[in-house]
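*Asks:* okay, here's the prediction I keep looking at, along with the sequence it came from:
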Amino acid sequence: MGQLTSKSNELAPGVFPHVHFSTNEEGPPRYSSHHFDSSRLQQDGNLQIPPTIVVSDEDSSPSEPQGSRMELRRPSFYSTIDLVPQLEHYVSTLPRQQARSRPSLEALRRAFEEVETGVEAANPTSDSGVSSLPATDSENEESQDPVRGKAPVRFGWVTGVMVRCMLNIWGVILFLRLSWITSQAGILLTWVIILMSVTVTSVTALSISAIATNGRVTSGGAYFMISRSLGPEIGGPIGMVFSFANALACALNTVGFAEVVRDLLQEFGIVMVDSINDVRIVGVITVTVLLLISLAGMEWESKTQILFFIVIIVSFSNYLVGTFLPPSPEKKAQGIFGYRSEIFLENLKPNWRGAGNDFFQMFAIFFPSAIGILSGANISGDLKDPASAIPKGTLMAIFTTAVSYLVISATVASCVVRDASGNVSDILTGNSTDGCVGLACSLGWNFTECIQSQSCEYGLANNLKVLGQVSGFYYLITAGVFAASLSSALGFLVSAPKVFQCLCRDKIYPYIGFFAKGYGKNDEPLRAYVLCYVIAVAFILIAKLNTIAALISNFFLCSYSLINFSCFHASITNSPGWRPSFHYYSKWMALFGAVISVVLMFLFTWWAALITFCIIFFLFGYVNYNKPKVNWGSSVQAGTYNMALSYSVSLSGVEDHVKNFRPQCLVLTGPPNQRPALVDFVGCFTKHISLMICGDIVTDQDRQTRPQDATGGLVKWMNKRKVRSFYTPFTADSLRVGARNLLQASGLGKLKPNTLVLGFKANWKESSAESIEDYINTIYDTFDSNYCLCILRMMDGLDISDQFDFEVNQGFEPDEPVENDDQQSPERESADDVSDKSNSDQIKTVFQNDQGKKTIDVYWIADDGGLTLLVPYLLTRRKHWRSCKVRVFIVGDEQNMEEGRDEMMALLKRFRLDFNDVIVMTDSEKRPQAKNLSRFVDSVAPFRLLDELQEGLSVQGLRQSAPWKITDKEFEAFKLKSERKVRLNEIIRRNSQHTALVLVSLPVPHSDCPSALYMAWLDALTCGLHCPAVLIRGNQQNVLTFYCQ
């Protein structure tokens, strides 16, 4: 191996350290694995590379000697801190793991500049260098736990998965019910039942294998896989139900064990209380002992399972040997005749006995014997390599147990007749079989009497202990029954708490966090063990095996259905993150498994299926309502993205139609939490109806004072306010430039804004002329882009930044200048601070209040296509505005007032807007009051360019240098228009002083109208009102129609 040598005194300043790796003739260079000190020099030969850093392998066992399994953390040759791909950079996707962060782009750029100036070469471990990387996990662990304890127990695929699954599949049904099911359904239908069960479990196992190999699986088993695939909405309910189902399975197998113990005691004449209570007593004692074994730890539980596995193998061997032994007369009296073709043929066909016993009832009783396939996955946190162990162990267990079920059902039905008396004297003494009933007559035995009286106590259909009677030694089968039932009960008793602990730690449901705590080196959920014990005891007291089996089948089938659907959904969404290393699965087979599981639920017990789905839907509704703050990258998110993308693309090929017009709004809010009234107003008529985008134009000054991650806090603010809107920040030099770019670039396909919403610049009189010009030019650009326009004016203004100590967006200056002495402070508040502050101070605006029976006054001065009427109509569809009455004001004269009103009423009726109050303004042509006109003149006086004051100066030259200025000629040319705006304001104040909302048609500015004059018009139209006022204008295209096509 190449040797790494160190020299400490030959490095000149400004020269990079280098490392030389010698090579052997046999192959490529090999790298040494001992620690390398990057502060020392390595230089020997011509081969020179940047320094390397040693880190420990994260997956190495804590018990391994420190320094073993070390790897070199090597920078690329682009830069000394630009690292080559490393495993530890991707650990952030694992829960409760500390990720090692790679250098950011900013750090790389800064580091490159420092290298160029020689700073990094002189000090390779500076802040911009490698030493800024986080410490290794081993270092963190040592700092947190200086005294290392014994390593936790980890299992391989044989003992951890295969043996565990086989033990849970070989449950109480195998020894106590399989022979009875075969007598009822016959060999053929029994095999169909077994193969159908195996089909469902095999498809589910393939889905589990795919999910388990799509990334690292930690503790939580089936719940962890479903929740991380389909999200908490589906994973939470199934985790709760699956945990409960495992507790029921524990009770099922414990009751089976208790029945065998009771029967064994009765053979010796021992009865504690009665038949039912004896099962309860033995069951409670048994599950208590199993709890104690579980509490002792996974190591003891695993050793116990190995013992049970050996006992079951011995009992199987004992049974198979017994089938080949010649039967004694006593056995023949019990219906056991060895392998006979006539018995095999007779038992091929079904023979249903008892009320309600049919194929699906037998299927429902047998299916719980196949539900142990998740036992290995449920302890995934205790496996060495879950991704490898779960597929191999689960599939091998299913194959082995399926063969055993098929062999046992076929062999027992080939050796034992359905009915036998057990009386040795029922042997036929002669060759006459007259009056003899049953297959046993041809075998020399006459069981006619018990068959006709239906009192036979032996035989395949009557005795549940047939396997023991057939076997070579009866009590070995009894030991097998004990081992099978106890191993399954113990396995489920361990699985349920493990799954429930993971569910509790995810904090999806309240009041269960108490059970999340783990103890010891294996993080044992002792509290969850006790809870599972209590549930198991409660169902043990039922003491009815068939009843518990029917209930449990539905719960597990529901789990299997969702596991298969998880695999199908993850595959069908084509998410780049779905990359399972197990390739032997099919998304369509997974879908088949999901569907067939649901069908079987209703075929088994429809009422139990309904109850199961009701529980699932209730738990789903709770999680969906509370929306836990988790993000697991589920396939539901991928599916939502695919659907949105598909619909957006398909929508692009659909031509616009006036009936489908929606006001899709680009709202220039700045930071939305600074102008909540503007956000709420637009949300009132766009929520669940159309698109809303909150545009935030960030200037250079804003960027210096705003946190870099402020976007997340603002989105949280909107989500908490239940505003359905996108948030789009855009960096620009000015309001106009930013708005123009947003008008052109925002949106996607048909989901593109068609309406710009602005806040009114209430402090325009105190603002700089450039600011007014910027604001008005934004309006001009809106009309030039063929956009609709809305401008909202509030009596108290829109900006609330002075209440929060926020920075001021210069595009929308507040009503009052904000004094903020700390604005230039070098310490900026973080986005979390902004988010917390805005979340705690959700200011309520007038648009969130119930408006009662107020009016919405619409001054439809100009025909803009109908947007002025559509917006108030959409508002009245909201709960808070539903009782409001809409009044429409139009311009007219006294002579034709009634005719004008009737025409407008007819138009509104055709539009189906249900606006029944039309008012004709007949005095709009009158001259405004002198004081109001004087106020308007005073407002524009600072922006006048008076000709008589310009001595010897060119008015045209001043006009070009200050385009917002108003010359005398322009003032006189627009004098009549100005007076009409003032007059209209007088009418509005007289009629709509205290309405809920006023909407006024926005005048379209002439190209030669000075910006200051147009700003004065907007002010004159809406000043003096005590209610919100909206200046609104469509793009002169119809948004309303009274035609059907």
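*Replies:* Sure, I can see it.
*Asks:* ranges for the strands of this structure?
*Replies:* 53-56, 66-73, 665-668, 692-698, 726-731, 755-759, 788-793, 855-859, 885-891, 917-921, 944-945, 966-967, 997-1001, 1029-1033 (DSSP state E).
*Asks:* which stretch in those strands has the least confidence?
*Replies:* Among these, strand 53-56 has the lowest mean pLDDT, at a mean of 40.
*Asks:* picking up where we left off before, of all the strands of the chain, which one is nearest residue 177?
*Replies:* The minimum distance between residue 177 and the strands of the chain falls on strand 66-73, with 50.2 Å, by Cβ to Cβ. Quick note: C-beta positions are derived from backbone N, CA and C, even for glycine.
*Asks:* hang on, the earlier thing: can I get the strands of the chain in CSV including mean neighbour count?
*Replies:* Putting those into CSV (neighbours: other Cβ atoms under 10 Å) gives the following:
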stretch, mean neighbour count
strand 53-56, 19
strand 66-73, 15
strand 665-668, 26
strand 692-698, 24
strand 726-731, 16
strand 755-759, 25
strand 788-793, 24
strand 855-859, 25
strand 885-891, 21
strand 917-921, 18
strand 944-945, 19
strand 966-967, 21
strand 997-1001, 25
strand 1029-1033, 25
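*Asks:* so for residue 579, which of those strands sits nearest?
*Replies:* Nearest of the strands of the chain to residue 579, taken as Cβ to Cβ: strand 66-73 at 23.6 Å.
*Asks:* buried residues in stretch 889-903?
*Replies:* Buried residues in stretch 889-903, counted by 16 or more other Cβ atoms under 10 Å: 889, 890, 891, 892, 900, 901.
*Asks:* starting at the chain centroid, how far to it?
*Replies:* Distance of stretch 889-903 from the chain centroid (Cα atoms, centre = their mean, to the nearest Å) equals 58 Å.
*Asks:* any idea how far apart the tips of it sit?
*Replies:* 13 Å (Cα to Cα, to the nearest Å).
*Asks:* next SSE after the helix or strand bottoming out on mean pLDDT in the chain?
*Replies:* Within the chain, no helix or strand scores below helix 137-144, which has a mean of 36 by mean pLDDT, DSSP states H and E. The helix or strand immediately downstream of helix 137-144 is helix 157, counting by DSSP states H and E.
*Asks:* which residues touch that following helix?
*Replies:* 376, 383, 385, 388, 389, 390, 392, 393 (Cβ atoms under 8 Å, 6 or more residues apart in numbering).
*Asks:* of all those, which comes closest to residue 214?
*Replies:* Using Cβ to Cβ, the contacts of helix 157 come closest to residue 214 at residue 390, 11.5 Å.
*Asks:* geometric centre of the chain: which residue is closest?
*Replies:* Among the residues of the chain, the one closest to the centroid is residue 231, at 3.2 Å (Cα atoms, centre = their mean).
*Asks:* and the nearest residue to that residue once chain neighbours are set aside, how many residues sit next to it?
*Replies:* The shortest distance from residue 231 to any non-neighbouring residue, by Cβ to Cβ, 6 or more residues apart in numbering, is to residue 634 (3.7 Å). As a burial measure, residue 634 scores 26 neighbours (other Cβ atoms under 10 Å).
*Asks:* how near is residue 634 to residue 719?
*Replies:* Separation of residue 634 from residue 719 (Cβ to Cβ, to the nearest Å): 18 Å.
*Asks:* so where's the stretch 101-250 of the chain shaky on pLDDT?
*Replies:* The stretch 101-250 of the chain contains residues with pLDDT under 70 at 111-152, 172.
*Asks:* so where do the helices sit in it?
*Replies:* Ranges of helices within the stretch 101-250 of the chain are 105-116, 119-122, 137-144, 157, 163-169, 172-176, 178-212, 221-230, 232-267, based on DSSP state H, counting those that start in this stretch.
*Asks:* next one: the last one to chain centre, how far?
*Replies:* Put simply, helix 232-267 sits 30 Å off its chain's centre (Cα atoms, centre = their mean).
*Asks:* next one: the fourth one
*Replies:* Taking the mean C-alpha point of helix 157 and that of its whole chain, the gap between them comes to 30 Å (Cα atoms, centre = their mean).
*Asks:* what's the answer for the fifth one, then?
*Replies:* Using Cα atoms, centre = their mean, we find the averaged C-alpha position of helix 163-169 to lie 32 Å away from the chain's own average C-alpha position.
*Asks:* tell me what it is packed against?
*Replies:* helix 298-324, helix 375-378, helix 386-415, helix 474-505 (3 or more Cβ pairs under 8 Å, 6 or more residues apart in numbering; DSSP states H and E).
*Asks:* flag every buried residue along the last one.
*Replies:* Just to be clear, that refers to helix 474-505. Neighbour counts over helix 474-505 (16+ other Cβ under 10 Å) mark 476-505 as buried.
*Asks:* for the strands of the chain, which one sits closest to residue 429?
*Replies:* With Cβ to Cβ as the measure, strand 66-73 is the member of the strands of the chain nearest residue 429 (80.0 Å).
*Asks:* gap between residue 347 and residue 326?
*Replies:* 20 Å.
*Asks:* now swap in residue 754 and tell me
*Replies:* For residue 754 relative to residue 326 (Cβ to Cβ), the value is 92 Å.
*Asks:* counting neighbours, go ahead and name the busier of those two.
*Replies:* residue 754 (23 against 8).
*Asks:* which residues sit in contact with the residue lying closest to that one once chain neighbours are set aside?
*Replies:* Distances taken as Cβ to Cβ, 6+ apart put residue 664 closest to residue 754, at 5.1 Å, once the chain neighbours are dropped. For residue 664, the contact set (Cβ under 8 Å, 6+ apart) comprises 686, 690, 691, 692, 747, 751, 752, 753, 754, 755.
*Asks:* alright, I will stop here.
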